[in-house]
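Asks: coordinates only, sequence not included:
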């Protein structure tokens with residue numbers, strides 16, 4: 001099952017590049033090696049996540065405890081196929097635009113600037129199959145509400161043996 005923030009990253013990529021949703025995959029699932037002439041974009045979320053902060057807040061009126069966290073996740077966007085370089089460069093340039101800032105707000109994600117660009121084909125000495133990786137961090141904040149009954153006055157019951 002794909003995590004919700006990875007789906008939001010895929011939607012961000014789709015909307016930023018105006019890309020066909022069918023060509024965006026998650027973690028190389030269901031993609032055959034022979035398909036890599038097609039210009040796929042893979043959202044690879046297999047890298048570690050870091051917990052930045054945790055918190056909790058109690059709403060006494062509604063009697064709800066909200067547990068929240070701030071998480072940073074390293075993401076690799078993998079561009080394949082004939083348009084790998086063009087798509088990677090487009091993402092790199094457009095990720096700093098005003099449209100990208102609006103998409104970040106729309107998808108409730110903090111998507112940081114691209115930190116690494118790797119031409120994997122050249123790194124591995126391949127003469128066929130374009131493959132470019134871009135790395136960046138995503139910060140998101142999951143929260144869960146739990147119904148919590150407040151005890152206004154403690155009630156004690158004493159038991160004694162006779």
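Replies: On my side now, so go ahead. Nothing here was measured: the structure is a model prediction, and the numbers come from that model. Numbers count the residues shown, from 1 in each chain.

Asks: for the rest of this, base every contact and every neighbour count on C-alpha atoms.
Replies: OK.

Asks: next, the buried residues of the helix or strand where residue 7 lies.
Replies: Secondary structure assigned from DSSP states H and E places residue 7 in helix 4-17. By neighbour count on 16 or more other C-alpha atoms under 10 Å, the buried set for helix 4-17 is 5-6, 8-14, 16-17.

Asks: residues contacting residue 80?
Replies: The contact partners of residue 80, taken as C-alpha atoms under 8 Å, 6 or more residues apart in numbering, are 36-41, 129-132.

Asks: tell me the most packed of the residues you listed, by neighbour count.
Replies: Highest neighbour count within those: residue 41, with 31 neighbours (other C-alpha atoms under 10 Å).

Asks: just to revisit the earlier point, quick one: which of the buried residues of helix 4-17 is nearest to residue 140?
Replies: residue 5 (7.1 Å; C-alpha to C-alpha).

Asks: what residues are up against the closest one?
Replies: Applying C-alpha under 8 Å, 6+ apart, we find residue 5 in contact with 109, 140.

Asks: do the same with residue 48
Replies: Residue 48 makes contacts with 73-74, as judged by C-alpha under 8 Å, 6+ apart.

Asks: and residue 67, by the same measure?
Replies: Here residue 67 is in contact with 54-57, 143-146 (C-alpha under 8 Å, 6+ apart).

Asks: so what strands line up beside whichever strand or helix holds it?
Replies: Secondary structure from DSSP H and E places residue 67 in strand 64-80. With DSSP bridges as the test, strand 64-80 is paired with strand 41-44 (antiparallel), strand 49-59 (antiparallel), strand 131-140 (antiparallel), strand 143-147 (antiparallel).

Asks: make CSV from these and add mean pLDDT to it.
Replies: Below are these laid out as CSV (pLDDT from 0 to 100):
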stretch, mean pLDDT
strand 41-44, 92
strand 49-59, 93
strand 131-140, 92
strand 143-147, 93
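
Asks: please identify the deepest-packed of these.
Replies: With neighbours taken as mean count of other C-alpha atoms under 10 Å, the strands paired with strand 64-80 reach their highest mean count in strand 41-44, at a mean of 23.

Asks: and for it, what's in contact with it?
Replies: The contact list for strand 41-44 (C-alpha under 8 Å, 6+ apart) reads 6, 9-10, 23-28, 75-80.

Asks: count of neighbours near residue 101?
Replies: For residue 101, the neighbour count with other C-alpha under 10 Å is 15.

Asks: got the buried residues for whichever helix or strand it is part of?
Replies: Per DSSP H and E: residue 101 is located in helix 98-106. For helix 98-106, burial by neighbour count (16+ other C-alpha under 10 Å) applies to 100, 103-104.
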